[in-house]
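K.L.:
Return a 3D structure for these sequence lines:
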Amino acid sequence: MSTSTKINYLVAAAFVIGSASAQNQSAPNVSQVLMYSTVTTTNVGAQFSQSSLFTPDASGSIPHALFGIYTERAASGAINTPGTYQPASPTALNSAVSSAIGVALSLIPVASPASAVIRKTDPATGLEVGADSTLGPILTERAETIGKRKWFLGISHQDFHFTSINGQSLNGLSILYQGGDSSTITPANGKNTTQPATFNLGLDVRLSQDLAFVTYGATDRVDISVGIPMVHSAVAATAYNALVFTGDGLGGGGPQAGSNCWCMNTLSPGTFQTTQALIGQSAMAKSGIGDLLVRVKGAVVDRSQAVVSVGTDLRFATGDAGNFLGTGTTTIKPFLAVSLYSKPSSSGVVFSPHFNIGWQFSGKSELGGTLNGTPQTVTMGGETVPYIGAPMIVTKDYLPDVFQWSVGTEFALGHRNTVVVDILGNQVGWIHGAQTVREASAPGFSPIAPYASATASGLVGVTGRTSFGQYSGSFGYKVKVASNLVATFNALVRLDNNGLTARFVPLYGLSYTF
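P.N.:
Numbering: from 1, shown residues only. Model prediction:
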C-alpha cells in the first residue's frame, strides 16, 4: 500500500524506561529488538465521548500489532467503523539502523596481526637478528612480514557503545511521520491528506569483541593470518510518547475548517486517540563466534628503511547475523600497506610513518536488506480490522562497500616502548550505497490546547541509498614486557557524527612471537 512506504519509523528505543504499563515484547533475535519495541496491543473502542455520534461499532484489541498510524479510507459517515481504516507499516528507518549496525560490524578495526617483534636471518652470518626498529602500529597493518617459519599469537579486547546516529542521541530520538497521504474524508476546505505524527525512541546498542590471532610466516616475504573473534551484542529498546498533529478534533468552521479533524489519522482505528505515552519495549543480548578473518600478505619491497606489501582480507559468515554476531555475508578487502623508517636519533628515537589503503566489498545480507511486519486481520464486532504485526519478514540486500585508508606514525623510544598515532577513514557506499536517516519537519496542528499551528520534526528514512565518510583518531602505546611478549593499549576516538557512532573505544591486548 502507498501509505506503508511513506511512514518511516526508526524502531529503536531507550534502554529501560521503567513502567509497569509498558509492554515487554520478546524478540526472536537481537536484530529484531528494534522492531519489537513497537509491537503493541492496539485498543479499539470509544475514546472520545462528546457525542453519541462518536461510538464505534466494534471494540476490543488488535493483537501483536506494530505501532502505526491508521488512516481513514471511507466516507466521513463511517469514521467510527474500525474496518474502514488502513494501517501503515514502520520499516524504512528500522532497516537503516540494522544496516548501520551491520556496517559497524564489518568495519570493527582489529589489532594488527603483524608481529611487534620481528627477527630475520643475517645472510652474511646466518645468525638471527632483530629487524624491528619499532614495535609496529596497532590498528594499521604493518608492511613487514614476520619471517619464514615464525609464529605470532595475539589476543585483544574491544568495547563499542554506540550512542548516536547521524549526530542524534540514541537515548531520545524523535521519529517523524510527515503525513500527506490520501484520505477519503473531504473537509470543507478541500484538504484530504493525513497530518504528521511523531514518537520518541531510546536505544542502547553495545558490541564487544575478543579476538585471537595466529600468524605464520610461510616465507620471508609471505604471512598467513587467521583471526577468530568472540562477539557479545546487546540491544535494549523502548518506544514512547506518540503524538498525532491533527488539531482540536472538531473539524468545524473557521480558517482550519475540517483540516484539524482527529478522525483522518489516529493511533487506533475508529477512535480519536492522538497520544500514547508508552508503546512497548524489548531487550536481548547474545554471545558467540563472530566472522572468521583470514589475511594473506606479501612484501613486494623489503628494504631497511622502506617496506611495501599487498594483501587480502577475507571474512567468512561464521557469525550469526540475526544476533549481530556477524555480517551474514562474505567480505573481501584487498589492501596495500607501506611502512617507512628513519635512522635512529642520538637518543635512540625512531620515527616510522605508515600508510594503508583498501576497499572492502560485501555480499547480500539480512543486515543490508529490510525488515517488514506481516499483514494480518482481526475480526471484532463483525468488522474486519487490518493490521501489520509479528512475525517479521527479512529480505536481503548488499551491505555497503567501504573504501578504507589510514595514515599515521610510530615513535619508538628505544626497543621497548612505542607510541602510535593514526587517522583512520572510511568512505561508506560508493558503489553499493548505505541506508541512512535524516532530519525533517512538517507543518501540523497541535492536538493539545490551545490547538495552535505547530511544526513536527524528527528523523525520516532517506529515499534510495547514499554514501558518507567516517573518520577516527587512534592513540596507542606498545611496551615489550619481557622477551618477545608485548602489551598493547589503544583508544579509538570518532571525529564525526556520520552513521552509527561509538565515540570512544578502548582496546587492550597481548602478543607473543616465537
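K.L.:
Secondary structure element holding L105?
P.N.:
helix 92-107 (DSSP states H and E).
K.L.:
if I look at G298, how far off is F162?
P.N.:
36 Å (CB to CB, to the nearest Å). (Glycine included, C-beta is placed from N, CA and C.)
K.L.:
Show me which of the two is the more surrounded one.
P.N.:
F162 (21 against 16; other CB atoms under 10 Å).
K.L.:
partner residues bridging the closest residue to the more buried one other than its chain neighbours?
P.N.:
Excluding the flanking residues, the one nearest F162 by CB to CB, 6 or more residues apart in numbering is V205, at 4.2 Å. Note on V205: beta-bridge partners by DSSP bridges are F162, V235.
K.L.:
To what extent is V205 buried, counted in neighbours?
P.N.:
27.
K.L.:
and if you look at V493?
P.N.:
With other CB under 10 Å as criterion, V493 counts 13.
K.L.:
Okay, buried residues for the helix or strand hosting it please.
P.N.:
Counting by DSSP H and E, the element that carries V493 is strand 485-494. Buried residues in strand 485-494, counting neighbours by 16 or more other CB atoms under 10 Å, are found at V486, A487, T488, N490, L492, R494.
K.L.:
How about stretch 391-411?
P.N.:
Buried, per 16+ other CB under 10 Å, within stretch 391-411: 392, 394, 396-410.
K.L.:
Just the ones of those in strands?
P.N.:
Under the assignment DSSP state E, those contribute 392, 394, 397-398, 402-410 to strands.
K.L.:
could you dump those to JSON lines with pLDDT?
P.N.:
Shown next, in JSON lines, are those (pLDDT from 0 to 100):
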{"residue": "M392", "pLDDT": "86"}
{"residue": "V394", "pLDDT": "87"}
{"residue": "D397", "pLDDT": "91"}
{"residue": "Y398", "pLDDT": "92"}
{"residue": "V402", "pLDDT": "94"}
{"residue": "F403", "pLDDT": "97"}
{"residue": "Q404", "pLDDT": "96"}
{"residue": "W405", "pLDDT": "97"}
{"residue": "S406", "pLDDT": "96"}
{"residue": "V407", "pLDDT": "97"}
{"residue": "G408", "pLDDT": "96"}
{"residue": "T409", "pLDDT": "95"}
{"residue": "E410", "pLDDT": "93"}
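K.L.:
want to throw those into a markdown table with distance to R438?
P.N.:
Shown next, in a markdown table, are these (distance: CB to CB, whole Å):
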| residue | distance to R438 |
| --- | --- |
| M392 | 24 |
| V394 | 24 |
| D397 | 20 |
| Y398 | 21 |
| V402 | 21 |
| F403 | 22 |
| Q404 | 24 |
| W405 | 26 |
| S406 | 28 |
| V407 | 30 |
| G408 | 32 |
| T409 | 37 |
| E410 | 40 |
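K.L.:
worst-scoring helix or strand of this protein, pLDDT-wise?
P.N.:
strand 128-130 (a mean of 46; mean pLDDT, DSSP states H and E).
K.L.:
Please identify the helix or strand for G358.
P.N.:
Residue-wise, G358 maps onto strand 349-362 under DSSP H and E.
K.L.:
could you point out which element follows that strand?
P.N.:
strand 364-365.
K.L.:
what helices or strands is the strand holding V493 leaning on?
P.N.:
Helices and strands touching strand 485-494, by 3 or more CB pairs under 8 Å, 6 or more residues apart in numbering; DSSP states H and E, are strand 468-482, strand 504-513.
K.L.:
quick one: strands adjacent to the first one?
P.N.:
Using DSSP bridges, the strands paired with strand 468-482 in its sheet are strand 417-428 (antiparallel), strand 485-494 (antiparallel).
K.L.:
Now do the shortest one, average pLDDT.
P.N.:
Per-residue pLDDT over strand 485-494 has a mean of 96.
K.L.:
For that strand, list the C-alpha coordinates in CSV.
P.N.:
C-alpha atoms of strand 485-494 as CSV (Å, rounded to 0.1, in the frame of the first residue of the first chain):
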residue,chain,number,x,y,z
LEU,A,485,55.9,-10.6,24.9
VAL,A,486,54.3,-7.2,24.0
ALA,A,487,51.3,-5.4,25.7
THR,A,488,49.1,-3.1,23.7
PHE,A,489,46.8,-0.2,24.9
ASN,A,490,44.8,1.9,22.5
ALA,A,491,41.9,4.5,22.4
LEU,A,492,39.9,4.9,19.2
VAL,A,493,38.0,8.2,19.1
ARG,A,494,35.4,9.1,16.5
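K.L.:
so which of the helices and strands packed on strand 485-494 comes closest to S112?
P.N.:
strand 504-513 (9.3 Å; CB to CB).
K.L.:
and M35, which of the three is it?
P.N.:
Secondary structure, DSSP: H, G, I helix; E, B strand; the rest coil: M35 is helix.
K.L.:
didn't it look like it was pressed against L371?
P.N.:
Yes: at 5.7 Å, M35 counts as touching L371 under the criterion of CB atoms under 8 Å.
K.L.:
Give me the more crowded residue out of these two.
P.N.:
Neighbour totals were compared for M35 and L371, and M35 leads with 28 against 23 (other CB under 10 Å).
K.L.:
Quick check: the gap between that one and G102.
P.N.:
15 Å.
K.L.:
Please apply the same query to G136.
P.N.:
30 Å.
K.L.:
returning to that earlier point: so which of the strands paired with strand 468-482 is nearest K343?
P.N.:
Nearest of these (CB to CB): strand 417-428, 16.5 Å.
K.L.:
what angle separates that closest one from helix 92-107?
P.N.:
Going by axes from the mean of the first three to the mean of the last three CA atoms, to 10 degrees, strand 417-428 is angled at 140 degrees with respect to helix 92-107.
K.L.:
Alpha carbons of strand 417-428, in PDB - could you do that?
P.N.:
What follows is strand 417-428 as a C-alpha-only set of coordinates in PDB (Å, rounded to 0.1, in the frame of the first residue of the first chain):
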ATOM      1  CA  ASN A 417      58.400   1.300  24.000                       C
ATOM      2  CA  THR A 418      56.500   2.600  21.000                       C
ATOM      3  CA  VAL A 419      53.800   5.400  20.800                       C
ATOM      4  CA  VAL A 420      51.400   5.100  17.900                       C
ATOM      5  CA  VAL A 421      49.100   7.800  16.400                       C
ATOM      6  CA  ASP A 422      46.800   7.200  13.400                       C
ATOM      7  CA  ILE A 423      43.900   8.800  11.500                       C
ATOM      8  CA  LEU A 424      41.500   6.200  10.000                       C
ATOM      9  CA  GLY A 425      38.900   6.900   7.300                       C
ATOM     10  CA  ASN A 426      36.000   5.000   5.800                       C
ATOM     11  CA  GLN A 427      34.100   6.100   2.800                       C
ATOM     12  CA  VAL A 428      30.900   4.000   3.000                       C
END
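K.L.:
could you point out which element follows that strand?
P.N.:
Toward the C-terminus from strand 417-428 - assigned by DSSP H and E - lies strand 437-445.
K.L.:
contacting residues around the nearest residue to N490 once chain neighbours are set aside?
P.N.:
Leaving aside its sequence neighbours, N490 sits nearest to G476 (CB to CB, 6+ apart; 3.5 Å). Applying CB atoms under 8 Å, 6 or more residues apart in numbering to G476 gives the contacts I138, L139, V419, V420, V421, D422, T488, F489, N490, A491, L507.
K.L.:
Quick check, pLDDT for the last one.
P.N.:
Read it as L507. The confidence metric pLDDT takes the value 95 at L507.
K.L.:
Now for it, how many residues are close by?
P.N.:
There are 22 residues near L507, going by other CB under 10 Å.
K.L.:
For beta bridges, what are the partners of it?
P.N.:
Q158, N490.
K.L.:
Now do it against D496, distance only.
P.N.:
For L507 relative to D496 (CB to CB), the value is 20 Å.
K.L.:
got a list of contacts for stretch 500-511?
P.N.:
By CB under 8 Å, 6+ apart, stretch 500-511 touches 97, 100-101, 103-104, 111, 115-116, 138-139, 152-165, 167, 205, 213, 476, 485-494.
K.L.:
gap between Y177 and I224?
P.N.:
With CB to CB as the criterion, Y177 and I224 are 52 Å apart.
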